[in-house]
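J.: Prediction below, plus the sequence it came from.
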Amino acid sequence: MGQKLKTTGWVAAGVVAGVLTTVSLQTVARGSLAPLPLEELQQLAAVFGMVKTDYVEPVDEKKLISDAISGMVAGLDPHSQYFDKKSFKEFKEGTSGRFVGVGIEISQEDGLIKVVSPIEGSPAFRAGLKPNDLITKIDDTAVRGLSLNEAVKRMRGEAGTKVLLTIYRKDENRTFPVTITREEIRTQSVRGKMIEPGYAWIRLSQFQERTVDDFVKKVEELYKQDPNMKGMVLDLRNDPGGLLDAAVAISAAFLPQNVTVVSTDGQLAESKSIYKAAPEFYQRRAGSDPLRSLPSALKNVPLVVLVNEGSASASEIVAGALQDHKRGIVMGSQTFGKGSVQTVRPLGPDTGLKITTARYYTPSGTSIQAKGIVPNVLVDESAEGSPFAALRMREADLDKHLNSGQGPEDKSPEREKARDEARKRLEEEAKKPPQDRKVPEFGSDKDFPLMQALNQLKGQAVVVSKTQTIVENKEEKKEN
């Protein structure tokens, strides 16, 4: 059934994380429409007519219709969205890993745009933007009140043009302007290296069209450096998701043939699917298995999967599959909790609708929507703990988020208390000199979670979390 979904279109499992969020284009339209509620449509037509005739100044008809569609879809959940001509083009560009912009992954915080991470080598990276920077203005437009998509539109543009961003850096308590020249961004979603002889580190920053091929090349490169691999760390921290078939392929690289990777369930027949670790569920070209050249030793190499609160959707699929099949030890922090699948359907030659069509489930049948993957071993961000983890936005914090479908959510007062304490710690942290607050680079010898993953692979003592608590679903806990 998974192949049926692929023949009708591409499906994605991306999180609303900013400029790089990816889904795929569905190429076949629906064959039928649901019955229309005539009375409500008459009201809509009446309002349209009143606005056209009574509003203080003329209003563009196409804009009225576009805004009506946008409002209808925005009321569903945080991940469904209507695309006009420009945003549809930009959205499709994201799946290829190439677009024109400034090169940052973004989210929203307190009505402002937050920099999750600048893309290495991008104009934003060279301009010195840092994670947690807040964008308060884009050119002359205040960001507060803009949707994430509107902010993305304003930062995108033609190659060679400039955009002025006003940045508020909380840890330095200062606001400053940065002029950035837009250029084509070619994202590199796979990085890796030998941490030390016998132990490899591979980091996936997103699941794009090129991710599987790049992953295969990187694995081959690492095995050539050291054919006697003793262990591997698959780093999915801050990976916001992307293409579903890419997530299935990465899972299949480590799992036995034909085991279940993920299942999906929704209203449509094609949304009720099971994806397995077999080429027909992830290959893009018939008869071509992108994993065929991987060394066979990869199926059995000891594996640790690193995750955190920024690991979402497609990366949660991989972590959940490897955890359920006991193929690897999942370490880090409880993940974001985006357990829904979006499909993009064309509404014409250059507009489209991204709509949530299914929940996805790990091989054990668990929905992680609004909960996330709970690691086998909880590990903090640093030796001092994860003092600001409670402040991070998760799926359960988003307005109108879809519930798990497996019982009510636990809105624990303990989490709110933890947030208050984290805000106080952040205020104290802001008083320190900037050099004392630098976050270690992923993959470096100062990367505390990575060092704990290495200890796990070597059979050495792991420093488990001192500060983390798990966001539980009370009803689900009773049932399981």
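T.: Alright, I've got the coordinates. Residues are numbered from 1 along each chain as shown.

J.: remind me, longest strand of this protein?
T.: Looking across the chain with DSSP state E, the single longest strand is strand 352-361.

J.: Tell me which helix or strand comes right after that one.
T.: strand 377-378 (DSSP states H and E).

J.: model confidence over that following strand, on average?
T.: The predicted model gives strand 377-378 an average pLDDT of 96.

J.: Then stretch 245-261?
T.: For stretch 245-261, mean pLDDT is 97.

J.: Tell me the buried residues in it?
T.: 245-255, 259-261 (16 or more other Cβ atoms under 10 Å). To be clear about C-beta, it is placed using only N, CA and C from the backbone, and glycine gets the same treatment.

J.: What is the longest strand of the chain packed up against?
T.: helix 61-74, strand 81-83, helix 85-96, strand 260-265, strand 340-346 (3 or more Cβ pairs under 8 Å, 6 or more residues apart in numbering; DSSP states H and E).

J.: make it 6 Å
T.: strand 81-83, strand 260-265, strand 340-346 (3 or more Cβ pairs under 6 Å, 6 or more residues apart in numbering; DSSP states H and E).

J.: Isn't residue 90 up against residue 155?
T.: No. Judged on Cβ atoms under 6 Å, residue 90 makes no contact with residue 155 at a distance of 10.1 Å.

J.: which of the two has more neighbours?
T.: Neighbours per residue (other Cβ atoms under 10 Å) separate residue 90 from residue 155, with residue 155 holding more: 23 against 18.

J.: Please name the residues that touch the more buried one.
T.: 101, 102, 163 (Cβ atoms under 6 Å, 6 or more residues apart in numbering).

J.: which one of those has the most neighbours?
T.: Neighbour tally across these (other Cβ under 10 Å): the maximum, 28 neighbours, falls on residue 102.

J.: for the stretch 1-150 of the chain, which spans come out with low pLDDT?
T.: Within the stretch 1-150 of the chain, the stretches with pLDDT under 70 are 1-34, 93-97.

J.: quick one, phi psi at residue 177?
T.: When quoted as degrees, to the nearest 10, the phi and psi of residue 177 stand at phi -90, psi 150.

J.: Nearest residue to it in space, please, no chain neighbours.
T.: Excluding the flanking residues, the one nearest residue 177 by Cβ to Cβ, 6 or more residues apart in numbering is residue 166, at 5.4 Å.

J.: Quick check: which element contains the one you found?
T.: Here residue 166 is assigned to strand 162-169, by DSSP H and E.

J.: Give the pairing partners of that strand; include direction for each.
T.: Paired neighbours of strand 162-169 in the sheet (DSSP bridges): strand 134-138 (antiparallel), strand 174-181 (antiparallel).

J.: can you put those in TSV and add distance to residue 108 and mean neighbour count?
T.: Converted to TSV, those look like this (distance: least, Cβ to Cβ, whole Å; neighbours: other Cβ atoms under 10 Å):
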stretch	distance to residue 108	mean neighbour count
strand 134-138	10	20
strand 174-181	18	13
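
J.: With distance to residue 269 added, can I get these in TSV?
T.: Output for the strands paired with strand 162-169, formatted as TSV (distance: least, Cβ to Cβ, whole Å):
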stretch	distance to residue 269
strand 134-138	43
strand 174-181	46
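
J.: and of the ones you listed, who's closest to residue 305?
T.: strand 134-138 (30.7 Å; Cβ to Cβ).

J.: contacting residues around the next helix or strand after that closest one?
T.: Remark: after strand 134-138, the chain's next helix or strand is strand 141-142, criterion DSSP H and E. By Cβ under 6 Å, 6+ apart, no residue outside strand 141-142 reaches it.

J.: same thing but at 8 Å, please
T.: 136, 154 (Cβ atoms under 8 Å, 6 or more residues apart in numbering).
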